[in-house]
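Participant: just to be clear, the model below is a prediction. Sequence and coordinates:
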Amino acid sequence: MVKKTTANSSQSVTTQPLAEIAVELPYPQIQYATNNSILYPIDAIDGTAATIAFSGMGATPITLYWAIKDQDKPVFKPIVQPGSTSGSIDIHIPWQWVSTCIGHTVLIWYTAMVGGQLKQSLVLELEIQDIRETDLRESLPVFAHARLEWNTLWLNMYEFEGDEIIRIKAWPMIQAGQRLFVTVAGDQHQVPYAFTWVAFDHVVQAEEANPEHVFEFRLARGWLARRQDYSALTTHMGVIWDGSAPVLPNPDDLVHENPLPLNAQDFHLRTTTLLRVDPALELPPPHLKESVDCGTDGWLVNPLNTVDGAHIVIAYEGMHAGDIVCPSFTGTAGAGSPALECRTVQEGESSLVFLVPPSPISANFGLPITLEYQVYYNGTGPWPSPARVVKVLDLSGLPTPAVEQATGSTLDLNTFAGDATATESAWPYIALDQACWLWVTGVLESGSAYSFEVLEGEPVTEEWLASGVNTPLPRDELQKLADCRDVEVHFAVNFNGQSDKASAKAFPPLVLHVVQEDLDLDAPTVREAVGEQLTIWNGRDGVTVRVEYERISPDHTINVQWLRQDGASLPLEPKTGNSDPGYVDFAIPREAVIYGAGKTVLIHYTVTSACKLASSRTLPLQISVPVRLPTPVVPQATNNILDLSTFAGNASITVEPWWFILPGQKVWLRGVGTGANGGPRILSVYVGKAVVAGEVSVGLKGTLQRAELDMLMDGSTLTFTCKVTTDGSDQERDAVVLPTLALVVRLSTINDSDNFDSYPNQEFLPPGSRVDTWLVVLDLPSTSTSTISIHDVRTAGENVPGMVGGRSLAVFCGGGSGPQLAYMRFKWKCTRVRFGYSNIGTHSVTFIAYDQQNKPLGQRVVHSGTWVEFEAPVGGTITHVSVLSTQHGSIDSLTIWHRGERANT
C-alpha cells in the first residue's frame, strides 16, 4: 500500500539500498515482468509478486524494498515476510503500488539473514510502462450533446442550452490521490490553438476511485460561442499517477502540443468533434454589489450602504479581452437614470465594476431600478443580458431638525432673547443646489391651526454642504403659538433634482413644547414674621404663608413649597388663585415651624395654568431658637442637695414637657460630676432617645442608678444638662439646650481612719504572723524571709509629717533576703482606701488591690513619701492589698470608705 508520510516517518523507510550491507544475493524475480525488467501495469491489475530464491535461506524474516528511481516520494513501506528452508518465497506486491508507479522505473531489492549475517540483494530496476491506448478507450472523454452524422461527430450549440458537459469514465487502476487534467483545444485550423481547462488538477477522491465512476465537467458556453463556426474541438486528458505536484510546460514551448503537465501520462486517445457555433452569449444579469437577495422580497439595496455611490459588477463566462460591455441604470426620469459609459475588457480581466454616483440612488428612494448590460465581441452583438431589478429602500435614519435654543424637547421663550435658530445637520446624499423646505406647524391660543414657512425651495449652499442648514425662526411668529402646546418643525429635501415641495423627501419632524414667557412672581410672605425673621414663639400655633402676585387668576393652581434644610418638603394641598382679594393664604402647622427652629426655611411657590408653570422668588425664613424652656428636676433632692442617705435605692430625674415637644424629637440628658478620685464622672440618662407619644403630655422621667451616685465625690457638684433636637435629628450638635440643674452630692458611705498610735509595739513578728488593728490586719505569709512590726517610726527618712509619723505598720523588718510579700486585709468591704507610705531608702514598693474573689483591681508602684489610693470599680469592693517590698517601710494614716459590710480577714 502506498504510504504518504511526513518527513520524520519517511526517514525510517529505506528508499535506497544500504551501502554498508554486502551485496551477495540474487535479483528478485517479478511476476508478469518481461525479462524481469519491464512490467505492463494491466498485467498486474490485481497485483504482482516478487519471487526470492537463494541458497542457505532460512525461516528468518526477509524484507522487500520498493522505491521510485530518482524520486523521494511517495514512500512505500517495506514488506517483511518469513523466509523458507525450501530456498524460495513469493512476496505479494499490491496493485496500488503498481498503479502509483505507472510511467516510472522502480528499484526493487531485499535483505535477508544468511548464516547469521545480514545480506542484501542486487537492485532490480523495473520499468512500469504507461497504460496503452487500447486499454484506455473506455475512458475516452465524451461530449454529452455531440451527435454522429455521416460518420462525423458534431456538437451543435443550437440544440442545447447552457454549458456543454464532458463525461469521462474512470480509467483502469484508478485510486484516490491521482491528479486529473482535461483541456479542450478549439479553432484548430489556426495556430496557436485556443485551449480551455475543463478540469485542472482535479484530485481523485475516495468515492471517485471506482471503476464505474463517471466524471462530469462543464465546458463554458461563452468559450464555445467565440470559436469559429464549423471548427474542430479536441479533448486532451492526462493523469499524474503518483499524485505528485504538476509540472507545467513553458507556455512558449512549441514542442508540446497541449498544456498538460509534463509529469502526467497523456492519454493520447483524443475525442474530436466539429462545432456549430451559436454566437449568442448566455449572459447572467448584472449584480449591484451593495444589494441583497431577500428571497420573496427580491433584490434590495439599503441606501445607507451607497452614500458614496454604488457598484455594478458584470462577470460572465468567456469574458475576453476586446469585449465591449455597456451597462444601463434605469430609474426615475432625469437624475434617476444616469448614462453609464461602455468599457473594453482588458487582458486578464474576468469581471468589470462600474461606479454609479450617489445621486441616481437618492433619486430612486423607495423605488425599483433596473440594471442591464450589452456585450459586443468579434464584431457581433449587441448581446443583451437579463435585467436585474433592485428596489432601493427608503432612506432611513435621516436627521431630525433641531432648534439651538431648545432644552430637550422644550422651547422656552424665557431662556433666550430674539429669534430662535433652526438647524439641520448634513444628511446622507446632501448635494449642492438640492431644494430645501422648512416650516413650522402648531395651534394658536384660540385652538385654530397655524403654520408659517421658513425655507421655500432654498438651494443647498457651499456652507450648508459643509455644516448643514442654519436659518432663523422669527420670534414674532413663535409668540403667536399657543402657550405650553406642542409644535412641529418640518424639513424636506428634493433628491430628484426638482424644486417641488410635494415630491420632496420629508425628514422626521422635530416636536417641541413651546413655553411662552413666564409670570414674574414675588416671594411669598409669612404673616407672623417680620420680613425674613420669625420669632418661633409667634409661630407656636403655626403660621400663615401668603401668596400674592399680579394677574392672579382662578385658572391658576398654586403650590407652596416649604423646604427644610435637609431638602424635605412639607406636603401642602394646592389651591386655586383668587383675584379678589388678590392673594391666597396657606396654613403651615406648628410642627413645621418647630422642625425649623434655629434654621432657615426656604419658601416659594409655583403657579400652574393649563399652559405653563412659573416659580416665584424664594423667601429665606429664619426661625429663632426656642426660649421659655423647663429645667430638669431630681425629686429626691432638697434645695439642690442630693443626700444619698435620705433615700434608698435609685434616684429619678424628670423634665416637664417643653412647649415645642413632639414625638420623634431626640433627647440627650446627662449629669456631669466629680468621682471619688477627683476625676470627672458622667451619668448618662438619655443618649439620643426619641420622644414617644405618651411623653408629649407628661414629659420625661429617667432613673439615676444608685451605684453610679455612690461613685461620686462627697460634696461635689453634679450638673444635669438636657438637650433636644426639634426636628428629630440624631446629631447632638443640632440640639436646643434646656437650662441646667446643678446639685450638691452627699454620699451615704462610712469612712473610718486609723493612725495606729493606740496599739502596743509588736516587733519582728516572724513569717506566718499577723498584726491585728481596728480596720486592717497586716498578714505575713509563712513563706516570707523577713518580719513585720507595729512600732514607732524611728528613722528620720521614714517620718513624713501629716502622712507617716508616730506609730505605724512596718514591713521588711530586720532585713532578710529577696522581696517580702505581705497583705493588708481590710475588715470591711471598701469602696475606697487611702494610706501613706515611706521607707528608709530609695527603693520602690508595689501595692496591688484585690476584691473578695482575689481579682486584681489596680496597681501602684511608689517611692517613699507617697499617698497610696485605690477606688473600687462601680459595684465592686476592695478587700485586701498586697505589699511587695525590698526595704524597710512604714504604712500609716489609713482611711477606708465602706458601706458597713464586713469582709473576711
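Facilitator: Done, it's in.

Participant: count of neighbours near I558?
Facilitator: Counted with other Cβ atoms under 10 Å, the neighbours of I558 add up to 23. Bear in mind the C-beta positions are built from the backbone N, C-alpha and C, glycine included.

Participant: can you tell me how far it is from F586?
Facilitator: 8 Å (Cβ to Cβ, to the nearest Å).

Participant: so Q120 is in contact with V23, correct?
Facilitator: Yes: under the criterion of Cβ atoms under 8 Å, Q120 makes contact with V23 at 5.2 Å.

Participant: the more surrounded of the two?
Facilitator: More neighbours surround Q120 than the other of Q120 and V23, with 20 against 13 (other Cβ under 10 Å).

Participant: any shared contact partners between I558 and F586?
Facilitator: V547, K575 (Cβ atoms under 8 Å, 6 or more residues apart in numbering).

Participant: which residues in the stretch 351-500 of the chain form strands?
Facilitator: Here the stretch 351-500 of the chain has its strands, by DSSP state E, counting those that start in this stretch, at 352-356, 368-377, 380-384, 388-392, 402-403, 410-412, 420-424, 435-443, 449-459, 469-473, 485-493.

Participant: so for S838, which of the ones you listed sits nearest?
Facilitator: strand 410-412 (91.7 Å; Cβ to Cβ).

Participant: who's in contact with the closest one?
Facilitator: V403, Q405, A420, L478, V487, L512, H513, V514, V515.

Participant: ok, now with 10 Å
Facilitator: Applying Cβ atoms under 10 Å, 6 or more residues apart in numbering, the contact partners of strand 410-412 are 403, 405-406, 420, 473, 478, 481, 484, 486-487, 489, 510, 512-518, 612.

Participant: which of those residues are buried, as a ChimeraX select command?
Facilitator: In ChimeraX, this line selects whichever of these come out buried by 16 or more other Cβ atoms under 10 Å:
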select :403,405,406,420,473,478,481,484,487,489,510,512,514,515,516,612
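
Participant: looking at the contacts of strand 410-412, which are in helices?
Facilitator: The helices, defined by DSSP state H, take in L478 from these.

Participant: any chance of the backbone angles for K666?
Facilitator: Dihedral pair for K666: phi -100, psi 140, per degrees, to the nearest 10.

Participant: from R540, how far out is it?
Facilitator: K666 is 20 Å from R540, by Cβ to Cβ.

Participant: gap between G805 and I30?
Facilitator: Distance of G805 to I30, given as Cβ to Cβ: 141 Å.

Participant: ignore the last one, P663
Facilitator: Between P663 and I30 the distance is 119 Å, computed by Cβ to Cβ.

Participant: so those two - more neighbours on which side?
Facilitator: Neighbours per residue, other Cβ under 10 Å: of P663 and I30, the larger number sits with I30, 23 against 13.

Participant: so for the protein, the centremost residue is which one?
Facilitator: Closest residue to the average C-alpha location of the chain: G397 at 28.5 Å, with Cα atoms, centre = their mean.

Participant: residues touching that residue, list them.
Facilitator: Applying Cβ under 10 Å, 6+ apart, the residues contacting G397 are P303, L304, W427, P428, P508.

Participant: mind redoing it with 7 Å?
Facilitator: Applying Cβ atoms under 7 Å, 6 or more residues apart in numbering to G397 gives the contacts L304.

Participant: repeat that for G876.
Facilitator: Shown in contact with G876 (Cβ under 7 Å, 6+ apart): D851, L857.

Participant: can you check the one 10 residues further on too?
Facilitator: Under the criterion of Cβ under 7 Å, 6+ apart, the contact partners of T886 comprise F812, P819, H843.

Participant: that one and T111, how far apart?
Facilitator: Taking Cβ to Cβ as the measure, T886 falls 108 Å from T111.

Participant: kindly report the same for I588.
Facilitator: The gap separating I588 from T111 is 119 Å, by Cβ to Cβ.

Participant: just to revisit the earlier point, what would the strands of the stretch 351-500 of the chain look like in TSV with mean pLDDT?
Facilitator: Below are those laid out as TSV (pLDDT from 0 to 100):
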stretch	mean pLDDT
strand 352-356	96
strand 368-377	95
strand 380-384	89
strand 388-392	96
strand 402-403	96
strand 410-412	94
strand 420-424	96
strand 435-443	95
strand 449-459	95
strand 469-473	96
strand 485-493	95
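
Participant: need those in JSON lines with distance to P620, can you?
Facilitator: What follows is the strands of the stretch 351-500 of the chain, written out as JSON lines (distance: least, Cβ to Cβ, whole Å):
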{"stretch": "strand 352-356", "distance to P620": "70"}
{"stretch": "strand 368-377", "distance to P620": "71"}
{"stretch": "strand 380-384", "distance to P620": "87"}
{"stretch": "strand 388-392", "distance to P620": "65"}
{"stretch": "strand 402-403", "distance to P620": "36"}
{"stretch": "strand 410-412", "distance to P620": "26"}
{"stretch": "strand 420-424", "distance to P620": "35"}
{"stretch": "strand 435-443", "distance to P620": "40"}
{"stretch": "strand 449-459", "distance to P620": "43"}
{"stretch": "strand 469-473", "distance to P620": "39"}
{"stretch": "strand 485-493", "distance to P620": "35"}
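
Participant: what sits closest to F354 if chain neighbours are left out?
Facilitator: Nearest residue to F354 in three dimensions, chain neighbours excluded: I312, at 4.3 Å (Cβ to Cβ, 6 or more residues apart in numbering).

Participant: count the residues that sit near that neighbour.
Facilitator: 24.

Participant: pretty sure it is in a strand, no?
Facilitator: Yes: I312 forms part of a strand when assessed by DSSP: H, G, I helix; E, B strand; the rest coil.

Participant: can you give me the helices in the stretch 251-400 of the chain?
Facilitator: In the stretch 251-400 of the chain, the helices defined using DSSP state H, counting those that start in this stretch lie at 358-362.

Participant: and the closest residue to S503 other than its chain neighbours, how far from V454?
Facilitator: Using Cβ to Cβ, 6+ apart and skipping the chain neighbours, the partner closest in space to S503 is N496 (6.0 Å). To V454, N496 is 22 Å away according to Cβ to Cβ.

Participant: may I ask you to confirm that A264 is in contact with G238?
Facilitator: Yes: judged on Cβ atoms under 7 Å, A264 makes contact with G238 at a distance of 3.5 Å.

Participant: now the common contact residues for those two.
Facilitator: Taking Cβ under 7 Å, 6+ apart as the criterion, A264 and G238 both touch F181.

Participant: could you identify the longest strand within the protein?
Facilitator: Ranked by number of residues, the top strand in the chain under DSSP state E is strand 820-839.

Participant: ok so, going back, do you know which of the strands of the stretch 351-500 of the chain lies nearest V655?
Facilitator: Among the strands of the stretch 351-500 of the chain, strand 410-412 comes nearest to V655, with 54.6 Å by Cβ to Cβ.

Participant: okay, and the beta partners of H604?
Facilitator: Per DSSP bridges, the residues bridged to H604 are Q561.

Participant: and if you look at R218?
Facilitator: R218 has the following beta-bridge partners by DSSP bridges: I165.

Participant: that one - how many residues pack around it?
Facilitator: R218: 13 neighbours (other Cβ under 10 Å).
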